[in-house]
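In: The following block contains a protein sequence and its predicted model.
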Amino acid sequence: MSSSLQRNEVVYSSANMPQLDSPFLICGFPGSGYVGKIAIDHLIQELNASHLADIYSSSFPPQIMIRGDGIAELMKNTIFYSKASATPGSNQDMLLLTGDSQPENPNSAYFLSDQLIDIATKFNTKKIITLAAYVTGTFVDKPRIFGTATDSNIVSTFKEKNILTMDSGTIAGMNGLIIGVGKLRGLQGTCLLVETSGYVVDAKASKAILESLLSILGLTVNMNNLEKKARDTEALIQTIQQQAAEKVLENQQPPGVLRKPVNTGYIS
């Protein structure tokens, strides 16, 4: 990468591009509940996908990310690829996009969308699928999957996949924008959205939307790690609900009634 970062810079892992057969571009940009990003990150790990490129941008927040190994680096989006021939049961090559951030302003979001499509079309990509959040403001036991697409033939397949067709509203951010820009450039786009409260990092919703994606792709992957994260999310939600109920009960007590002491975690 050059020492002077101007707007967006793509850094490929190798000068030799992989040979891919019209791969789907599948995106999980970070957003509400991180539902798409968690799902894509799990898929990348389970497919043992190969690194293609990093995208750095001056439109990302001015901060660094500290990784699990203690290494700090600029925020970025990253594209991996997976070949069908290397994945048992798969008949579809894939480009898989994950990231640390979305652009902070509309112009940059449009520019990044166009740039990502430029990269994908180098491999003759024809379809884009994005994974996003359908924010409800409430906790749900079984998150539903909603969908929209830029082609009526895709929409007609939603019912058989237990996807509820959206018939109004808007989808903000890159997960929606990139399929709209893709349509202008002749690519078919699908956005899947999963119910999430918007209050927590929601691996439970990530599991639900990944299962929907895998159904579309006709693919099976090991879900053990994501299932554990989903159970952690469920435990967190139960704790939040219990604390909220206790707070309501406390506020309903008449004046003068001793209240249960709050455990602050401090030793005094």
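Out: Received the coordinates, thanks. Residues are numbered from 1 along each chain as shown.
In: switch to C-alpha atoms for all contacts and neighbour counts from now on
Out: OK.
In: In the stretch 1-150 of the chain, where is pLDDT below threshold?
Out: Per-residue confidence for the stretch 1-150 of the chain (pLDDT under 70) gives these ranges: 1-6.
In: And the helices in it?
Out: Per DSSP state H, counting those that start in this stretch, the stretch 1-150 of the chain has helices spanning 35-46, 106-121. These are given in chain order.
In: Let me know which of those is tucked in deepest.
Out: Mean neighbour count, computed with mean count of other Cα atoms under 10 Å, is highest for helix 35-46 among the helices of the stretch 1-150 of the chain, reaching a mean of 22.
In: Other residues contacting that one?
Out: Contact partners of helix 35-46, identified using Cα atoms under 8 Å, 6 or more residues apart in numbering, comprise 27-31, 80, 96-99, 130-133, 194, 201-203, 205-207, 209-210, 221-222, 226.
In: Selecting buried members of the residues you listed in PyMOL, what would you type?
Out: Command for PyMOL that selects the buried part of the contacts of helix 35-46, burial taken from 16 or more other Cα atoms under 10 Å:
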select buried, resi 27+28+29+30+31+80+96+97+98+99+130+131+132+133+194+201+202+203+205+206+207+209+210+221+226
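In: And whichever helix in the chain runs longest, what's buried?
Out: Secondary structure assigned by DSSP state H gives helix 224-252 as the longest helix of the chain. Applying a neighbour-count criterion of 16+ other Cα under 10 Å, one finds 226-227, 229-230, 233-234, 237 buried in helix 224-252.
In: Out of those, which comes closest to residue 105?
Out: Residue 105 lies nearest to residue 233 out of these, by Cα to Cα, at 30.8 Å.
In: Residue 126 and residue 21 touch, don't they?
Out: No: if you go by Cα atoms under 8 Å, residue 126 and residue 21 don't touch, sitting 10.3 Å apart.
In: neighbour-wise, which of those two wins?
Out: In terms of neighbours (other Cα atoms under 10 Å), residue 126 is the more surrounded of residue 126 and residue 21; the figures are 19 against 14.
In: Next up, the contacts around the residue lying closest to that one once chain neighbours are set aside.
Out: Among residues not flanking residue 126 along the chain, residue 187 sits closest, at 5.0 Å (Cα to Cα, 6 or more residues apart in numbering). Listed by Cα under 8 Å, 6+ apart, the contact set of residue 187 reads 125-128, 179.
In: could I get the residues you listed as JSON lines with distance to residue 169?
Out: Converted to JSON lines, those look like this (distance: Cα to Cα, whole Å):
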{"residue": "125", "distance to residue 169": "28"}
{"residue": "126", "distance to residue 169": "25"}
{"residue": "127", "distance to residue 169": "23"}
{"residue": "128", "distance to residue 169": "20"}
{"residue": "179", "distance to residue 169": "15"}
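In: can you list the residues that contact stretch 78-95?
Out: The list of residues contacting stretch 78-95 from outside it, by Cα under 8 Å, 6+ apart, reads 20-26, 44, 47-55, 96-99, 120, 217-220.
In: Flag every buried residue along that stretch.
Out: 78-84, 87, 90, 92-95.
In: among those residues, which two are most distant?
Out: The most widely separated members of the buried residues of stretch 78-95 are 78 and 90, with 22.2 Å between them, by Cα to Cα.
In: Distance from stretch 90-100 to the middle of the chain?
Out: Here the centre of stretch 90-100 is set off from its chain's centre by 12 Å, with Cα atoms, centre = their mean, to the nearest Å.
In: can you give me the end-to-end distance of that stretch?
Out: Counting by Cα to Cα, to the nearest Å, you get 28 Å between the two ends of stretch 90-100.
In: Then stretch 87-106?
Out: 37 Å.
In: Let me have the helices of the stretch 1-150 of the chain in a markdown table, adding distance to residue 161 as columns.
Out: Compiled in a markdown table, the helices of the stretch 1-150 of the chain are given as follows (distance: least, Cα to Cα, whole Å):
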| stretch | distance to residue 161 |
| --- | --- |
| helix 35-46 | 18 |
| helix 106-121 | 26 |
